[in-house]
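Engineer: Below are the sequence and a predicted model; questions follow.
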Amino acid sequence: MMASTPAAKVPPLRRRLPAGALRRRQLAASAWLYLAFLAVATVMGGMFVLAFIASLKVDPLERPFRIYFDQLNPAAWIAAARLGQEGAGDALWGGLAPGAKVDFSVTYAAPADATIVEPRAEVPRRRPGSGIAAALMRHYAADYASIALKSSSSATMEVHDESGIRRVWQTRTFVYEIAYRTDRRNGPRIERTPLNLTAPPSQTLIDSPISPSRSERRGRLLSWDNITPGALGLIFNNYRRVINETADLQTGKSLFGSWLVNSLAIATGRLVLTLVVASLAGYALARLKFRGSRLLFAALIFSMTIPAQVTFVSNYLIFRDLSLLNTPWSVIVVFVASANVLLMKQFFEGFPREIEEAAIVDGANRFQVFWKIVLPNAKPALLVNAILAFQGAWNDFFWPLVLITSPPEALTVQVGLLSLRRSFGGVQGDWGLVLAGAFLSVVPVLILFVLFQRHIVPTQFTKGVT
């Protein structure tokens, strides 16, 4: 008998899903993917918002971290606007001007068996937090302002202790008048009006137009950095200080403003140079066939794998010999031929050759084809390269730190932030100002992305091509 061959195994037939069920599965997968991206965006956006909120606070490192404070309190904005109007006739930015009289009230509370005494009030001769601002400061509110108790009134209030027992406490409101001294009527306008109140530990501050900036000596000493801030001066005080207090000791000019201008000039210069080099080199590598083109492209890819720290000594010596140190040009030209060339090459390789060939048949030369036909259709790729080049130049820290060291007003904003950290952070502990400076450095990149993100879309040059 002949041996029978085993029957071939037939794979089981897969059950075909109805069209409606398949569509529901696709929608469910898309929904889960959308929710995942939304969750990531929420986390990243939430961290950004929290950091911005912290940049408005007097002490961003306070524990526990409060979400609701004067800079986010509309009632405090109104009070600050009223104080700024009384102090200098400026409800937005405040100050203390000649002839001004400001009423500032505080309310203390104490148990019924205690006595509320008038706190000792003074306008201190207080300097800003950094040595730079202190050296530039010429006028102090203590030399031009006088303070006196205008009135006081008493009342009672009911409180509940931890055990829920109702107790009656007494309160007392003191209204102080801070006036610009008449013997200094021709004096300057003072930007800030500090105030110190010293009271016994048995009484507690329960109300004031704006909250004190700090509490010292176990609550006995309450300090206000500025009791005439104005609405915007209260909210954006750290940002105003970044501009005013980072100044050159000799000229008094704002260093932070110079840093922003320097970074903008360098980023713009690198953006323009990168677009010119990347578009020309990318088109040449994609369309022009010449001896050594593949070797040149391989060298370009290899150069992208070399860290900048490996070649910075040789680059530094070249810039030194060309007398480009401490000039913006050294930072502009250092990174113009990199991944941007590769991006443009890949885009040009996807451009239909039929359109170029038709233009050549009509009598156009290679440069005319590139300038009038290819480049206008490369707008999305150019915008992506522009954003990447601008962001890379704006956020660059290493090369500006190495190539631009003096004078102080020639630094870029990223290197300037390091000096902010050294001047205001550390021993000074003024991290609100440092954080405000960091947020100001982010604004130009955000504006660039918001303005041009809608242009980053594929073009329709492939329509009608067969």
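Structural biologist: Yep, that arrived.
Engineer: Tell me how far Arg214 lies from Leu342.
Structural biologist: 54 Å (Cβ to Cβ, to the nearest Å). Using the backbone N, CA and C atoms, a C-beta is placed for each residue, glycine as well.
Engineer: Neighbour count for those two, which is higher?
Structural biologist: Taking neighbours as other Cβ atoms under 10 Å, Arg214 and Leu342 compare with Leu342 leading, 17 against 11.
Engineer: give me phi/psi at that one?
Structural biologist: phi -60, psi -40 (degrees, to the nearest 10).
Engineer: go on, Leu50?
Structural biologist: phi -60, psi -40.
Engineer: next one: Glu216
Structural biologist: phi -130, psi 170.
Engineer: can you pull the contacts of it?
Structural biologist: Counting by Cβ atoms under 8 Å, 6 or more residues apart in numbering, Glu216 touches Leu222, Ser223.
Engineer: mind checking how far Ala393 is from Ala386?
Structural biologist: 11 Å.
Engineer: Tyr180 now?
Structural biologist: Counting by Cβ to Cβ, the gap from Tyr180 to Ala386 is 52 Å.
Engineer: Of Ala393 and Ala386, give the one with the bigger neighbour count.
Structural biologist: Neighbours around Ala393 and Ala386, counted as other Cβ under 10 Å, are more numerous at Ala393. The numbers are 27 against 19.
Engineer: how close does that one sit to Leu342?
Structural biologist: Counting by Cβ to Cβ - Ala393 and Leu342 are separated by 18 Å.
Engineer: State the next helix or strand along the chain beyond the worst-scoring helix or strand of the chain on mean pLDDT.
Structural biologist: Here the helix or strand of the chain ranked lowest by mean pLDDT, DSSP states H and E is helix 131-136, holding a mean of 56. Moving toward the C-terminus from helix 131-136, the next helix or strand (DSSP states H and E) is strand 145-160.
Engineer: Okay, buried residues for that following strand please.
Structural biologist: Ala145, Ile147 (16 or more other Cβ atoms under 10 Å).
Engineer: tell me the average confidence for it?
Structural biologist: For strand 145-160, the mean pLDDT works out to 89.
Engineer: What of stretch 432-444?
Structural biologist: 88.
Engineer: Residues in contact with it: which ones?
Structural biologist: Contacts for stretch 432-444 (Cβ under 8 Å, 6+ apart): 51-52, 54-60, 129, 238-239, 241-242, 245-246, 256, 260, 263-264, 267, 394, 413-414, 416-417, 420-421, 424-425.
Engineer: ok, 7 Å please
Structural biologist: Residues outside stretch 432-444 that contact it (Cβ atoms under 7 Å, 6 or more residues apart in numbering): 51-52, 54-55, 57-60, 238-239, 241-242, 256, 264, 394, 413-414, 417, 420-421, 424-425.
Engineer: In helices, which of the residues you listed fall?
Structural biologist: Here DSSP state H is the test, and those give 51-52, 54-55, 238-239, 241-242, 256, 264, 394, 413-414, 417, 420-421, 424 as lying in helices.
Engineer: where along the stretch 51-200 of the chain do the strands fall?
Structural biologist: Ranges of strands within the stretch 51-200 of the chain are 101-111, 120-122, 145-160, 166-180, 195-198, based on DSSP state E, counting those that start in this stretch.
Engineer: Okay, now the unreliable bits of the stretch 351-466 of the chain?
Structural biologist: 425-429, 453-466 (pLDDT under 70).
Engineer: switch the cut-off to 50
Structural biologist: 458-466 (pLDDT under 50).
Engineer: Tell me where it has helices.
Structural biologist: 353-361, 366-369, 375-377, 379-395, 398-403, 413-424, 431-452 (DSSP state H, counting those that start in this stretch).
Engineer: Of those helices, which is nearest Phe347?
Structural biologist: When the helices of the stretch 351-466 of the chain are compared by Cβ to Cβ, helix 379-395 sits nearest Phe347, at 4.1 Å.
Engineer: circling back to that earlier point, spit out the residues that contact Ala393 and Ala386 alike.
Structural biologist: Common neighbours of Ala393 and Ala386 (Cβ under 7 Å, 6+ apart) are Leu271.
Engineer: coming back round to it: could you dump the strands of the stretch 51-200 of the chain into CSV and include distance to Ala359?
Structural biologist: As requested, those are exported to CSV (distance: least, Cβ to Cβ, whole Å):
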stretch, distance to Ala359
strand 101-111, 74
strand 120-122, 81
strand 145-160, 76
strand 166-180, 75
strand 195-198, 75
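Engineer: Tell me which of the ones you listed lies nearest to Gly282.
Structural biologist: It's strand 195-198; of the strands of the stretch 51-200 of the chain, that one is closest to Gly282 (Cβ to Cβ) at 63.0 Å.
Engineer: other SSEs contacting the closest one?
Structural biologist: strand 120-122, strand 221-224 (3 or more Cβ pairs under 7 Å, 6 or more residues apart in numbering; DSSP states H and E).
Engineer: So for whichever helix or strand comes after that strand, mean pLDDT?
Structural biologist: Later in the chain than strand 195-198, the nearest helix or strand by DSSP H and E is strand 204-207. For strand 204-207, mean pLDDT rounds to 92.
Engineer: Check stretch 176-188 too.
Structural biologist: On average, stretch 176-188 scores 89.
Engineer: cool, and stretch 257-277?
Structural biologist: 92.
Engineer: List the buried residues for it?
Structural biologist: 258-260, 262-264, 266-267, 269-271, 273-275, 277.
Engineer: got the contact list for it?
Structural biologist: Taking Cβ under 7 Å, 6+ apart as the rule, stretch 257-277 contacts 243, 328, 331-333, 335-337, 340, 382, 385-386, 389-390, 393-394, 409-413, 416, 444.
Engineer: and what of stretch 338-355?
Structural biologist: Residues contacting stretch 338-355 (Cβ under 7 Å, 6+ apart): 274, 278-279, 281-283, 285-287, 300, 304, 373-374, 377-378, 381, 384-385, 388-389, 461-462, 465.
Engineer: looking at the helices and strands packed on strand 195-198, which is closest to Val40?
Structural biologist: Here strand 221-224 is closest among the helices and strands packed on strand 195-198 (Cβ to Cβ), at 41.4 Å.
Engineer: Walk me through which strands the closest one pairs with, and which way each runs.
Structural biologist: strand 195-198 (antiparallel), strand 214-216 (antiparallel) (DSSP bridges).
Engineer: next SSE after it?
Structural biologist: According to DSSP H and E, the helix or strand after strand 221-224 is helix 231-235.
Engineer: Run the chain-centre distance for that next one.
Structural biologist: In terms of Cα atoms, centre = their mean, to the nearest Å, the centre of helix 231-235 is found 18 Å from the chain centre.
Engineer: average model confidence for it?
Structural biologist: 95.
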